[in-house]
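[1] Below are the sequence and a predicted model for it; my questions follow.
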Amino acid sequence: MSAQTTDTRRPQQDDYRPDTAVGFIANYADTRVGLSPLVKEFGRKIFPDHWSFMFGEVALYSFIILLVSGTFLALWFDPTMVSQEYTGSYVPMQGVEMSGAYASSLHISFDITGGLFLRQLHHWSALLFVVAICVHMMRVFFTGAFRRPRELNWVVGALLFVMAMAAGFTGYSLPDDVLSGNGLRIADGMAKSIPVVGTYISMMLFGGEFPGHVVIPRLYILHVFLIPGVILGLIVVHLFMVVTHKHTQYPGPGRTEDNVVGFPVGPVYAAKAGGFFFIVLGFLSALAGMVQINALWNYGPYDPSPVQAGTQPDWYILFGDGALRLFPGTWPWNWEWNLFGLVTIPLAVFIPLMIMGALIGAIFAYPFLERWISGDSREHHVLDRPRNAPTRTGLGAAAVVFYSVMMVAATGDLIATHFHVSLNDVIYALRTLWIVGPIITFMIVKRICLSLQRKDREIALHGRETGRVQQLPHGEFVEVHEPLSPYAQYRLVSFEAPTPQAPRRNAKGRISGPEKLRSRLTRFFYEDRVAPVTPAELEAAHQEHQEDLGSLDAGHNTSDREIGS
């Protein structure tokens, strides 16, 4: 038997010689890393072109700006609570005892070239980051983009929203001024309201009794290392799922569940996205340079004794502050529960905390709840028009109102002072709106959606009104309607209208309690519906339209003959 040998000769050298320096670098990296198959595959990905898809890009670009500006600030910020005497260039604070964190924040603002600009750029970017995530999630919700196979991607997006709020709160608390210190005091009270474990959570965060001496360094670790790392990982997972599942698209001719109509990533989409990044950067830079935000030198270093009126956290935390203000403390009874003499639960703080948790939990659970109710396990890549899902749209609008009332309640003292009204009256009115507002909003929005569906149905069958009225030969007056283009007609008729479902029996021939509940919920979701226009109805309407046009043409010909005679 002959022995086998291995050819160890070097492979033939690559004869390709790039003509440019960029080409040389690209070829050098590709021959060693093998990126060309990945770039080729990703560059051919098709993305639909619609203005509503840009909000996810705004969130991504804001996060990039956050990372860059935050890196600069981290080089100068001193996360310590050790007391020192301020000797910087801001004269009103000279000689004042303050923590190193607050002193370094003043140092960045007044003594570092470009420091105040980058502080404000970082803050405005954080606000826009959360705004873009919220608007992006609302677009996904109202168009049904969370349906299979994107339920987990919705969960990733909800986690991004929670982590963005956590990043904002931890960063907002770092300067150790009066405003951020009061926010931490509220957070400490909310943590302590949790039965049994609340006190331990507070002591773990603050290193003992509030305010302690370690909370700023711990928040710094969370804000600079842990939370940005989690957000970055979630963004990578989110984009990976977008590429894997392909992008959703709005209904239209040629757009099906099996294709994507749009532009490839390279070069069209990449060029547009690159330009859009600089638009976002320019917008945020203009805000940072011209609009002052978080002027912490006006507040002074944190002191537990003063409590300032007219101070609110950033907008995405307002709902927590507002929930606390809306809930009564002593009316109609004392909201404090002594559980078996072992633990006291301050319900006026604990219940608002549970309401906030329930709202966030509902965001996570909704895709799975709707899938269970509808029983629809198909893949959906074509989006819904919000009017074609009236119950979902109504629920989303009600949730927005519920959230917004809590945000407004956090500014109840400013409303009272600016409009010279009673603070108690403001809170009573907001409490009423907190309960009644979402219900009324749901009813109104659902009726509007159904009305828009009926209008679409009428337009699809008879065309658009032109305002021209003509008389037929037999004396009837008709309005001339303009026929729709195939694209416009497709948008109006290509949707599904599910019907309520009767409860289904299980393998034992019985109807279980959950199945009865699901059947009732399908009636709630789908009982009020407007059926899509069928092909037979379209054909009949088209034939009627042609007959009217024929009668009009006959009338015109008769008139012409009479005039000619």
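    Happy to help now that I have it.

[2] can we go C-alpha only for contacts and neighbour counts from here?
    Will do.

[3] and Ala399, what are its phi and psi?
    phi -60, psi -40 (degrees, to the nearest 10).

[4] dump the residue contacts of it.
    Applying Cα atoms under 8 Å, 6 or more residues apart in numbering to Ala399 gives the contacts Pro438.

[5] where does the stretch 401-550 of the chain have low pLDDT?
    Of all residues in the stretch 401-550 of the chain, those with pLDDT under 70 make up the ranges 472, 474-475, 544-550.

[6] how far does the helix of greatest length in the chain sit from the chain's center?
    Of all the elements of type helix in the chain, the one with the most residues (DSSP state H) is helix 423-462. The chain centroid and the centroid of helix 423-462 are separated by 21 Å under Cα atoms, centre = their mean, to the nearest Å.

[7] Same question for stretch 504-521.
    Between the centre of stretch 504-521 and the centre of its chain there are 35 Å (Cα atoms, centre = their mean).

[8] With stretch 404-422 instead?
    Remark: stretch 404-422 is offset 25 Å from the chain centroid, using Cα atoms, centre = their mean.

[9] Mind listing what's buried along that stretch?
    Neighbour-count burial for stretch 404-422, counted by 16 or more other Cα atoms under 10 Å, picks out Val405, Met406, Met407, Val408, Ala409, Ala410, Thr411, Gly412, Asp413, Leu414, Ile415, Ala416.

[10] From Val156, how far out is Pro332?
    Distance of Pro332 to Val156, computed by Cα to Cα, to the nearest Å: 41 Å.

[11] Return the list of helices and strands in contact with the longest helix of the chain.
    When contacts are defined as 3 or more Cα pairs under 8 Å, 6 or more residues apart in numbering; DSSP states H and E, helix 423-462 packs onto helix 318-326, helix 390-409, helix 412-419, helix 486-493, helix 535-564.

[12] ok, 7 Å please
    In terms of contacts (3 or more Cα pairs under 7 Å, 6 or more residues apart in numbering; DSSP states H and E), helix 423-462 is packed against helix 390-409, helix 412-419, helix 486-493, helix 535-564.

[13] following that helix, which helix or strand comes up?
    strand 464-471 (DSSP states H and E).

[14] Mind listing what's buried along the helix or strand following that next one?
    Per DSSP H and E, the first helix or strand lying C-terminal to strand 464-471 is strand 477-482. Using 16+ other Cα under 10 Å as the test for burial, strand 477-482 gives Val480, His481.

[15] Give me the contact list for strand 477-482.
    Defining contact as Cα atoms under 7 Å, 6 or more residues apart in numbering, one finds that strand 477-482 is touched by His462, Gly463, Arg464, Glu465, Thr466, Gly467, Arg468, Val469, Gln470, Gln471.

[16] Counting neighbours, what do you get for Arg385?
    Using other Cα atoms under 10 Å, the number of residues around Arg385 comes to 18.

[17] List phi and psi for His420.
    Phi and psi for His420, reported as degrees, to the nearest 10, are phi 60, psi 50.

[18] Who is Glu97 paired with across the strands?
    Beta bridges link Glu97 to Glu85 when assigned by DSSP bridges.

[19] surely it meets Ser83?
    Yes - the criterion here is Cα atoms under 7 Å, and Glu97 meets it with Ser83 at 6.4 Å.

[20] out of Pro332 and Val156, which sits in the more crowded spot?
    A direct count of neighbours by other Cα under 10 Å for Pro332 and Val156 places Val156 higher, at 19 against 7.

[21] For Ala164, which non-adjacent residue is spatially closest?
    The spatially closest residue to Ala164, leaving aside those adjacent along the chain, is Val130, at 6.2 Å (Cα to Cα, 6 or more residues apart in numbering).

[22] and the strand or helix carrying the one you found with helix 390-409, angle?
    Here Val130, judged by DSSP H and E, is contained in helix 115-142. Helix 115-142 runs at 150 degrees relative to helix 390-409, counting by axes from the mean of the first three to the mean of the last three Cα atoms, to 10 degrees.

[23] average model confidence for helix 115-142?
    The pLDDT scores in helix 115-142 average 96.

[24] What residues sit buried inside that helix?
    115-134, 136-142.

[25] Can you check what angle separates the longest helix of the chain from helix 486-493?
    Helix 423-462 and helix 486-493 are oriented at 120 degrees to each other (the same axes, to 10 degrees).

[26] Can you give me the buried ones in helix 423-462?
    Neighbour counts over helix 423-462 (16+ other Cα under 10 Å) mark 426-427, 430-431, 433-434, 437-439, 441-443, 445-447, 449-450, 452-454, 456-457, 459-462 as buried.

[27] which SS state does Val224 fall under?
    helix (DSSP: H, G, I helix; E, B strand; the rest coil).

[28] Show me the contact partners of stretch 158-166.
    With contacts defined as Cα under 7 Å, 6+ apart, stretch 158-166 is touched by Val130, Ile133, Ile227, Ile231, Leu234, Tyr316, Ile363, Phe364.

[29] Show me which of the residues you listed are buried.
    For these, a burial check counting by 16+ other Cα under 10 Å picks out Val130, Ile133, Ile227, Ile231, Leu234, Tyr316, Ile363, Phe364.

[30] which among these gets closest to Arg185?
    Using Cα to Cα, Tyr316 is the member of the buried ones among the contacts of stretch 158-166 that lies nearest Arg185, at 17.7 Å.

[31] how about Gln84, what does it touch?
    So, once contact is read as Cα under 7 Å, 6+ apart, Gln84 ends up touching Glu97, Met98, Ser99, Gly100.

[32] State the distance from it to Ala502.
    Noted for Gln84: a distance of 72 Å to Ala502, by Cα to Cα.

[33] now do Gly100
    Distance, Gly100 to Ala502, by Cα to Cα: 66 Å.

[34] So the two - more neighbours on which side?
    More crowded of Gly100 and Ala502, by other Cα under 10 Å: Gly100, with 21 against 13.

[35] What pLDDT does the model give that one?
    With respect to pLDDT, Gly100 has a value of 94.

[36] In this structure it contacts Met81, no?
    Yes - taking contacts as Cα under 7 Å, Gly100 lies within contact range of Met81: 5.7 Å.

[37] Mutual contacts of those two, please.
    With Cα under 7 Å, 6+ apart applied, the contact sets of Gly100 and Met81 do not overlap.

[38] Dead centre of this protein: give me the residue that sits there.
    Central residue of the chain (Cα atoms, centre = their mean): Cys134, 2.1 Å from the mean position.

[39] Return the distance of that residue relative to Leu152.
    Using Cα to Cα, Cys134 is found at 17 Å from Leu152.

[40] ok, and what's touching stretch 179-199?
    The contact list for stretch 179-199 (Cα under 7 Å, 6+ apart) reads Tyr172, Ser173, Ile201, Ser202, Tyr299, Tyr302, Thr311, Ile345, Pro346, Val349, Phe350, Leu353.
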